[in-house]
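# What shape does this take:
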Amino acid sequence: MITRVLMQNFKAFKEAEINLTALNLFTGLNGMGKSSFLQSLLLLRQSEIEGITLLGGLRLKGNLIDIGKGKDAYCVNATDDYIKFEVDIDYENMINVSYKYIAETDILPGINEKIMLDHRGDNMALLTNNFKYLRAERIAPEHNYKANLSAVQRDGFLGYKGENAGLFIALNKLEPVTLESVKHPLAKANNLISNIDAWMNEITPGTHVISTYYNDLDIVKLSYQFETGSDVTPEFSPVNVGFGFTYTLPILTAILSAKKGDLIIIENPESHLHPHGQAKMGELIAKAANDGVQLIVESHSDHLLNGIRIAVKNKDVDFEEVSIFYFERDVKNNEHITTIDQPTIDINGRLSHKPKGFFDEYSKQLDVLIKP
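Below is the predicted model of the structure:
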């Protein structure tokens, strides 16, 4: 598990150090630096898996992420000519890399580096197949989806937009769910598809997910059925049901197929979900964190946060394994800097404090409405 990340001279951060736990919620107003932190991890992975390796250079453009050139990655307030990252795994420093700042290149050369893998070899999920990342912009509803068979069979790759989720389900629907905490009590069997249906029912009751791979056409057909008393409806294409189904399916698939030691990064899991569904998503995320999966989640949803808090109160996750990072912008010495406040959650799900702007819009609007 990643336990610490240090960034120097990277985007919004002249220097920032963040200590992580099993479940990490990043929130704050737009443009405050949440994405910069996520991008630091994504860039390290991209540089390692796309042929350069961390020792060779920092790849700013790739299939995973594209942040432009050196000038786009460099902190405007920096006084040094390098960008530095440190990553601790299980409290031991495993990655310590620095890259020379060059404004007009998309590969920054390494100038100082240390990478260590311990005897287990697979303890660094960030750089292995034990990693899943789902962007805020996920796959749109379609009648059929192109099948990327090799990526799913070889690596279990869901796609950064969740574009392979349908194929993954079609190929693994009867595989058992190995994380005890995320098994839904109403699932009809201990397999992937039954648990997907059960958790999808928390969002829209009576939902059944159907995913079929057509080998001769190299496509996947995804559809939904809905219970109507003792019967079910005909199958509906994703284009004829709400966006929330298609946007949620990759997240459910990633979590329910996860193994202990996996790292999952999710941007805006609340997208296109009713508040009830957002809260249930928070509960599921918390349950996964309780069972050995590390999650880093960027969200603007107070409902998702409250779902996590309820999970803490219900002892579905240890309160000490939940971290909240609230990103703010401040001005010091005529410099715009990003600061990070960390409200904590106690054993009863209560917050230690609420920073200004921290999910307080409801009360602000209510104050206006109740004025005479």
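# how about the nearest residue to Ile193, chain neighbours excluded?
Lys173 (3.9 Å; CB to CB, 6 or more residues apart in numbering). C-beta here means a position set from N, CA and C on the backbone, and glycine is covered the same way.
# Next, give phi and psi for the one you found.
phi -60, psi -30 (degrees, to the nearest 10).
# Is it in contact with Ala189, as I believe?
No - the pair Lys173 / Ala189 is not scored as a contact, 10.3 Å apart, by CB atoms under 8 Å.
# Lys221 is in contact with Thr212, correct?
Yes - using CB under 8 Å, Thr212 is in contact with Lys221, at 4.9 Å.
# Neighbour count: these two, which is higher?
Lys221 (19 against 16; other CB atoms under 10 Å).
# For that one, what are phi and psi?
Residue torsions, per degrees, to the nearest 10, at Lys221 are phi -100, psi 120.
# Met281 too?
Phi and psi for Met281, reported as degrees, to the nearest 10, are phi -60, psi -40.
# can you check the one 5 residues further on too?
Summarising the backbone geometry of Ala286 under the convention degrees, to the nearest 10, its torsions are phi -60, psi -40.
# What score does it have for pLDDT?
Looking at Ala286, its pLDDT reads 98.
# surely it meets Asn314?
No - at 9.1 Å, Ala286 and Asn314 do not qualify as touching, with contact defined as CB under 8 Å.
# circling back: neighbour count for Lys173 and Ala189, which is higher?
Lys173 (16 against 13).
# what residues are up against the more buried one?
Contact partners of Lys173, counting by CB atoms under 8 Å, 6 or more residues apart in numbering, are Asn191, Leu192, Ile193, Ser211.
# Could you do Lys259 as well?
By CB under 8 Å, 6+ apart, the residues touching Lys259 are Asn130, Thr178, Leu179, Gly292, Val293.
# got it, and Ile255?
By CB under 8 Å, 6+ apart, the contact list for Ile255 reads Val182, Ile264, Leu284, Ile285, Ala288, Val293.
# in stretch 316-327, what's buried?
Asp316, Val317, Phe319, Glu321, Val322, Ser323, Ile324, Phe325, Tyr326, Phe327 (16 or more other CB atoms under 10 Å).
# gap between Leu192 and Leu171?
10 Å (CB to CB, to the nearest Å).
# distance of the residue most central in space within the chain from Lys132?
The centre of the chain sits closest to Ile266, judged by CA atoms, centre = their mean, with a distance of 1.6 Å. The spacing between Ile266 and Lys132, counted by CB to CB, is 8 Å.
# cool, Asp80 as well?
Using CB to CB, we find Asp80 at a distance of 34 Å from Lys132.
# Of those two, give the one with the bigger neighbour count.
The neighbour count for Asp80 versus Lys132, taken as other CB under 10 Å, is higher for Lys132 (26 against 14).
# can you give me the helices in the stretch 1-150 of the chain?
Remark: helices assigned in the stretch 1-150 of the chain by DSSP state H, counting those that start in this stretch are 34-49, 70-73, 149-155.
# For Ala311, pull up the helix or strand it's in.
helix 302-313 (DSSP states H and E).
# Just the CA coordinates for that helix, please, in PDB.
What follows is helix 302-313, C-alpha atoms only, in PDB (Å, rounded to 0.1, in the frame of the first residue of the first chain):
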ATOM      1  CA  ASP A 302     -21.300  15.100   0.000                       C
ATOM      2  CA  HIS A 303     -23.600  12.000  -0.400                       C
ATOM      3  CA  LEU A 304     -20.600   9.800  -1.200                       C
ATOM      4  CA  LEU A 305     -18.700  11.200   1.800                       C
ATOM      5  CA  ASN A 306     -21.700  10.500   4.000                       C
ATOM      6  CA  GLY A 307     -21.900   6.900   2.600                       C
ATOM      7  CA  ILE A 308     -18.300   6.500   3.800                       C
ATOM      8  CA  ARG A 309     -19.100   8.000   7.200                       C
ATOM      9  CA  ILE A 310     -22.000   5.600   7.600                       C
ATOM     10  CA  ALA A 311     -19.700   2.700   6.700                       C
ATOM     11  CA  VAL A 312     -17.400   3.900   9.500                       C
ATOM     12  CA  LYS A 313     -20.300   4.100  12.000                       C
END
